[in-house]
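Peer 1: Okay, sequence plus prediction incoming.
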Amino acid sequence: MSHHSTTPAATSAGKKPRWTREQKLAAQKGKNAASTKNTTRRPEREPRSRRDDYDSSRSDSRPQRGDDRRSENRSYGERRDNRSYGERRDNRSYGDRPQRSDERRYDNRRDDNRSYGERRDNRSYGDRPKRSDERRYDNRRDDNRSYGERRDNRSYGERRDNRSYGERRDDNRRYDDRRDDNRSSYGERPQRRTFARPQQTTTTRATAARIQEPIDMSDNGFAALGLPEVLVERLARDGITQPFPIQQAAIPDALAGRDVLGRGRTGSGKTLAFGLPTLTRLMGSKARPHQPRAIVLVPTRELAMQVSDALQPLVHVAGLHHKLVAGGMPYEPQLSALARGVDLLIATPGRLSDLIARGAADLSAVQIAILDEADHMAEMGFLEAITEILDLVPEGGQRLLFSATLDRGIDTVVDRYLTDPVTHSTDDGTASVTTMEHHALLIEPRDKKVVTAEVANRSGRTVVFVRTKLGADRVATELREQGIVAAALHGGLNQGQRNKVLSAFKDGRIPVLVATDVAARGIHVDDVSLVLQIDPPADHKDYLHRAGRTARAGEAGTVVTLALPHQRKGVQRLLDEAGVGIQLTKARPGDDIIAAAGGSRPSGDFVSQSTLEDLLTPPGQRDRGHRGGPRGYRGGPRRPGQGRGDYRGDRRGGRSERGYSRAGRD
DNA sequence: AAAAAAT
């Protein structure tokens, strides 16, 4: 069996390394993947494929393909060069702060002060010795460099050389040392390892400039896990020195090449749990054009941006390249990055499939495939897209599936794509609820709007979850009418608006976010102290994920769930299944229980549209005209046949009777 | 049943 566990060799040139059906079945025989117990290991299994395996498996790739793409790509780039200048900067800035909707296509990034400024700095400092206080900017250098590369595909090879030169400049010796360390860490290396302090043995002038203070590498839990020093050091610079439980548990097996099912409570650091071993295993090799070596699939664009941002500095110090590929963003940067070669691709399914269909992405060299929020990705609606993508990934590679709520729902995916997985469940799926304060309020439909406002009217950031996009728009408007600064976030907004709203919320300009489940999973915003569910979640897992937007990384948080009489039974069941252990409590506007949850009666001072638009516009972009004008944020899509600003018209005056969304219906 | 995910 262990023979089957290794990467299938590319036995003959030109043939894809595929297992036969028989081999696959044989390898799967006798396994019950999802039933593996917590932190179960299978000692009989040989450590799986190493970097060398991957290298050999890639010897069969077709070089002419890259050439074809290159020429395609060049013409693409030329055609678009003029106006997509702003776009080409880099997708990263999407996560930061976009702006006016009418300019979002091309000017978004440019108006993003921070990332723009950083990037400019980067470029201009690119050839200079770096100052230590520019450490953060260094992380962006990959993107900057690629900016230049993008313009000229012919000198692809040359730039590759340049790039590795640039990497080496960071620290030549350390980089090489690291490779040795990595190699030994794949399997035969003992668990514990002490890294030399960088300033003692391995510091060059370049690194000396980059390291502001000596990084204490002793007693570093990440080093003990066998991760390369460059990564450990980079984490330590951000004060991350001790792994969270899920990281502690999953990283060693992931480093060893095992397929891993990882479950850790919300906000427990799952991104690093799969990101660190993935980058480690990718280090030392380069991606060929159009052939990413690892992919991370995520359910929403925002989450894709977050994962990309979180891994960015680590990708950089690893000497690798990553790219965010998702819908709603310009194609050209994604196409050119792929043409250049991307080691780690972070993608939402739709755009990735699109790029594959265009021939821009080829998954035949993918060694590691990762599903974030795996149980969600295995649900109807995503499953088809996911299988389509995973079917293109060579069998025998590594698979990492992570979620706070990994359950049997992923069995089909596990059975089909995973080999001898090890399960690391550091927390029961419901563990996170214990760190939160929960309230479930049974209310009358006519009170819903007021209770919502009272609970949401508080100091601190609040996420209000609703069931529908329309509901999100409506509730946000109603909150503003009652004097609460709220904005809606849902998939019906264009990407520019989505970014704008989310960054305004992250910056604290908008204290209340009214969101659909687009924001239910994975999205991290600091200091969200209250999650208010005014429409019940679809199931207990959604309860956990929504609730998990608060109380992250050990912080406190409050979760308030509203239920109408007809929802009483269902909500109580959800609470039980989620392990919350509370009962519904009747509540009316002004009740003590609302005050106990931090809420208070809102001022009633109408928050105008222009005020909202002001707040949604990043500082530094304001007072440039348009304010309050016909452009900009309008609260999202309108119902057919309905004009802007009149969306109370079709409610027959019965809105408050019926409450929000499905309220009042059976 | 809705939302998400390509244009």
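Peer 2: Received, thanks.

Peer 1: list the contacts for the closest residue to DNA strand B within chain A?
Peer 2: Closest contact between chain A and DNA strand B, by Cβ to the nearest atom of the strand, is at A:Gly350 (2.0 Å). Backbone N, C-alpha and C define where each C-beta goes, glycine included. Residues in contact with A:Gly350 (Cβ atoms under 8 Å, 6 or more residues apart in numbering) are A:Gly327, A:Ala385.

Peer 1: Surely it forms part of a helix?
Peer 2: Yes - applying DSSP: H, G, I helix; E, B strand; the rest coil, one finds A:Gly350 inside a helix.

Peer 1: what's the helix or strand for A:Leu324?
Peer 2: strand A:322-325 (DSSP states H and E).

Peer 1: In stretch A:567-577, which residues are buried?
Peer 2: A:Gln567, A:Val571, A:Gln572, A:Leu574, A:Leu575 (16 or more other Cβ atoms under 10 Å).

Peer 1: Surely the first one and A:Ile534 touch.
Peer 2: Read it as A:Gln567. No - contact criterion Cβ atoms under 8 Å: A:Gln567 and A:Ile534 do not qualify, at 10.9 Å.

Peer 1: before we move on, the earlier item: distance-wise, check the residue of chain A closest to DNA strand B relative to A:Ala254.
Peer 2: 27 Å (Cβ to Cβ, to the nearest Å).

Peer 1: And for A:Thr558?
Peer 2: 34 Å.

Peer 1: So the closest residue to A:Leu297 other than its chain neighbours: helix, strand or coil?
Peer 2: The shortest distance from A:Leu297 to any non-neighbouring residue, by Cβ to Cβ, 6 or more residues apart in numbering, is to A:Leu371 (5.3 Å). Recorded secondary structure, A:Leu371: strand (three-state DSSP).

Peer 1: so A:Leu371 touches A:Leu401, yeah?
Peer 2: Yes - between A:Leu371 and A:Leu401 there is a contact under Cβ under 8 Å: 4.8 Å.

Peer 1: Common neighbours of those two, please.
Peer 2: With Cβ under 8 Å, 6+ apart, A:Leu371 and A:Leu401 have common neighbours A:Val413.

Peer 1: And chain A, what are its domain boundaries?
Peer 2: A:1-84+A:243-428, A:431-639 (automatic domain parsing).

Peer 1: between the ones you listed, which gets the lowest average pLDDT?
Peer 2: Mean pLDDT values for the domains of chain A show the minimum at domain A:1-84+A:243-428, a mean of 77.

Peer 1: coming back round to it: burial count for the residue nearest to A:Leu297?
Peer 2: 28 (other Cβ atoms under 10 Å).

Peer 1: Export the buried residues of stretch A:567-577 as JSON lines, with columns for secondary structure and distance to A:Asp415.
Peer 2: Output for the buried residues of stretch A:567-577, formatted as JSON lines (DSSP: H, G, I helix; E, B strand; the rest coil; distance: Cβ to Cβ, whole Å):
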{"residue": "A:Gln567", "secondary structure": "helix", "distance to A:Asp415": "36"}
{"residue": "A:Val571", "secondary structure": "helix", "distance to A:Asp415": "34"}
{"residue": "A:Gln572", "secondary structure": "helix", "distance to A:Asp415": "34"}
{"residue": "A:Leu574", "secondary structure": "helix", "distance to A:Asp415": "28"}
{"residue": "A:Leu575", "secondary structure": "helix", "distance to A:Asp415": "32"}
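
Peer 1: Can you pull the residues of the stretch 401-550 of chain A lying near DNA strand B?
Peer 2: A:Arg467, A:Thr468, A:Lys469, A:Leu470, A:Gly471, A:His490, A:Gly491, A:Gly492, A:Thr516, A:Asp517, A:Val518, A:Ala538 (Cβ under 7 Å from any atom of the strand).

Peer 1: Actually, chain A.
Peer 2: Going by Cβ under 7 Å from any atom of the strand, the residues of chain A near DNA strand B are A:299-302, A:326-329, A:348-354, A:357, A:379-382, A:385, A:467-471, A:490-492, A:516-518, A:538.
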